[in-house]
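Asks: sequence first, predicted model second:
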Protein chains: 2
Amino acid sequence: MEISEIASGKMFGGYNRRYKHFSPTLGCNMTFHIYYPPAPQPSHKFPVLYWLSGLTCTDENFVVKSGAQRAASAEGVALVVPDTSPRGLNVEGEADSWDFGVGAGFYLNATQEKWKNWRMYDYVVKELPSLLAESFPQLDTTRASISGHSMGGHGALTIYLKNPDKYKSVSAFAPIANPINCPWGQKAFSNYLGDNKAHWEEYDATCLVKKFHDVSATILIDQGEDDKFLREQLLAHKFEEACRNVNVPVLLRMQPGYDHSYFFVSTFIDDHISHHAQALRLP
Amino acid sequence: MEISEIASGKMFGGYNRRYKHFSPTLGCNMTFHIYYPPAPQPSHKFPVLYWLSGLTCTDENFVVKSGAQRAASAEGVALVVPDTSPRGLNVEGEADSWDFGVGAGFYLNATQEKWKNWRMYDYVVKELPSLLAESFPQLDTTRASISGHSMGGHGALTIYLKNPDKYKSVSAFAPIANPINCPWGQKAFSNYLGDNKAHWEEYDATCLVKKFHDVSATILIDQGEDDKFLREQLLAHKFEEACRNVNVPVLLRMQPGYDHSYFFVSTFIDDHISHHAQALRLP
């Protein structure tokens, strides 16, 4: 498996590095970023926080805009930031919408022939962790947590609920928390997964938490009260209610005045990094 | 003078706000950003830190990438971030180079007829502060400091040295510290200012510090050692040497491994905000 480093920049004593590789899961070249904190000694292995980004993003947005590296450096947690969909496959119509296709993989495995390369679930849960374990000795991928924003918050919550053995903790910023009941989710799921709504529920955090509720670490969610997508698309309260019904510990913090942007993410990212660092330190 | 707010987003308890206005100095519409920290009470007036950006930047780069708002919020300092040149004037060739014309105003007043609108010095030193004093009662423009990156570091140093009464302190990241002796500066100055090199010296920090050395606050400069522009374009050591020759207090911190990017700026921005906050608190 060939992986090439295509960019590197020092930040907060560590390094942002960007990599390119061919993904057999997705059938195309993919890029991702790793932020390495400063290493106390050369043999040190960092625990990993996966960050899943939202609609229209690439693996760059979080790295450039969030300022997460400051806390990641202080806490000694590596950040792994994949892209949000396959790219460059030239599937007809793949770039016609900003909320579907390119930049909008929704972290699922598509079942519809046309979108067969859209397997971001397998890419994030299987391919990327194996590739990291094989080729990045600085990372301890057995200690991993997951977080994300918007579509990426949906990805983090659903991936965590389905794989509690793989991740120590989860958090989300303004997640699409109940996609089967919102226009973004309905558009994506009907196209990627077809009409069988039972299948849709496998990628809906609010449905999944009813089945997979063996959750010990508190799920941390921040949500801006002035987020224009809150009431129609994100539906954080639906997820919170489902968690409460099955006694899953959830902390939904409604943040007055905040919108859906990275200004919101960067304001609260330190709390999330610290939440994950604590879980990752546990034996 | 009509000023319209064109964007607003909450961050670290305060607000990033973007404004648009017609600038009589430059003869075109201009945008700028203000970050307001959270106000302890409605009548509170914040001191101001002007941030001047580098080549190719607009008023957005610093706001989106630096993470400076975290420290500005904590220290109670407002950030004022202008654009880097006039725009939309359709001067022939204005957008042909990334290092001259649009996005490359060099914070000077051009004397050559073709570039007569390029008066970023007057815009930053005169027009913008008056406009803020008139229309932004939340700001105390009598308490102001100035900083910037690359071309903006050149702007901050030269503007400070020529106006020690107007600014309490100055700092810079990887400034173009001796523009008359580097290709970026020579290209810009010959086009904007003509062939008279005596005139060039009026906008060269290393020359100016020989004339204006009544400086009490330490000049803080961070410079990445792996900055690919250091030896040919930036010449930080020339400025440091000139300061030492006239006993101007300067702290040039060479930062091993850092490049010219905003990853470098965001790593050290807290130190700069704190440097200015201290000077701005003095009576």
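Replies: Cool, got the structure.
Asks: list the contacts of the closest residue to A:Asn61 other than its chain neighbours.
Replies: Closest residue to A:Asn61 apart from its sequence neighbours, by C-beta to C-beta, 6 or more residues apart in numbering or on different chains: A:Ser53 at 5.6 Å. Using the backbone N, CA and C atoms, a C-beta is placed for each residue, glycine as well. Counting by C-beta atoms under 8 Å, 6 or more residues apart in numbering or on different chains, A:Ser53 touches A:59, A:61-62, A:81, A:83-84, A:148-149, A:151-152.
Asks: backbone phi and psi for A:Ser53, please?
Replies: Dihedral angles phi and psi of A:Ser53 (degrees, to the nearest 10) take the values phi -90, psi 170.
Asks: longest single helix anywhere in chain A?
Replies: Scanning chain A for the longest helix, with DSSP state H as the assignment, gives helix A:262-281.
Asks: quick one: that helix to chain centroid distance?
Replies: 13 Å (C-alpha atoms, centre = their mean, to the nearest Å).
Asks: phi, psi of A:Lys211?
Replies: phi -90, psi -40.
Asks: give me the pLDDT for it.
Replies: At A:Lys211, the model reports a pLDDT of 91.
Asks: check which helix or strand covers A:Gln186.
Replies: Using DSSP states H and E, A:Gln186 sits in helix A:183-193.
Asks: quick one: average pLDDT of stretch A:72-90?
Replies: Here the average pLDDT along stretch A:72-90 is 98.
Asks: now it: buried residues?
Replies: A:72-87, A:89 (16 or more other C-beta atoms under 10 Å in any protein chain shown).
Asks: now stretch A:140-152
Replies: Buried-residue list, stretch A:140-152, by 16+ other C-beta under 10 Å: A:140-141, A:143-152.
Asks: and the pLDDT at the residue of the stretch 51-200 of chain A found nearest chain B?
Replies: Nearest to chain B, among the residues of the stretch 51-200 of chain A, is A:Gly67, at 3.6 Å (C-beta to the nearest C-beta). On the pLDDT scale, A:Gly67 is placed at 98.
Asks: please name the spatially closest residue to it (chain neighbours excluded).
Replies: Spatial nearest neighbour of A:Gly67, excluding adjacent residues (C-beta to C-beta, 6+ apart): B:Gly67 at 3.6 Å.
Asks: mind listing what the one you found touches?
Replies: The contact partners of B:Gly67, taken as C-beta under 8 Å, 6+ apart, are A:67, A:70, A:266, B:266, B:269.
Asks: for the residue lying closest to the fourth one once chain neighbours are set aside, give its distance to A:Gln233.
Replies: With C-beta to C-beta, 6+ apart as the measure, B:Gly67 is the residue that lies nearest to B:Ser266, at 4.7 Å, once sequence neighbours are left out. B:Gly67 sits 27 Å away from A:Gln233 when distances are taken as C-beta to C-beta, to the nearest Å.
Asks: got it, and A:Lys45?
Replies: 39 Å.
Asks: who's more crowded, those two?
Replies: Set side by side, A:Lys45 and A:Gln233 show more neighbours around A:Gln233, with 23 against 15, by other C-beta atoms under 10 Å in any protein chain shown.
Asks: can you tell me the SS state at the more buried one?
Replies: Secondary structure, DSSP: H, G, I helix; E, B strand; the rest coil: A:Gln233 is helix.
Asks: that one contacts A:Trp184, doesn't it?
Replies: Yes. A:Gln233 lies in contact with A:Trp184 (C-beta atoms under 8 Å); the separation is 5.2 Å.
Asks: what is the nearest of the contacts of A:Ser53 to A:Ser171?
Replies: Nearest to A:Ser171 among these: A:Gly148, at 8.5 Å, using C-beta to C-beta.
Asks: what bridges to the closest one?
Replies: As for beta bridges, A:Gly148 partners with A:Leu52, A:Ala172 under DSSP bridges.
Asks: my guess is it meets A:Cys57, correct?
Replies: No. The pair formed by A:Gly148 and A:Cys57 falls short of the contact definition of C-beta under 8 Å, at 9.9 Å.
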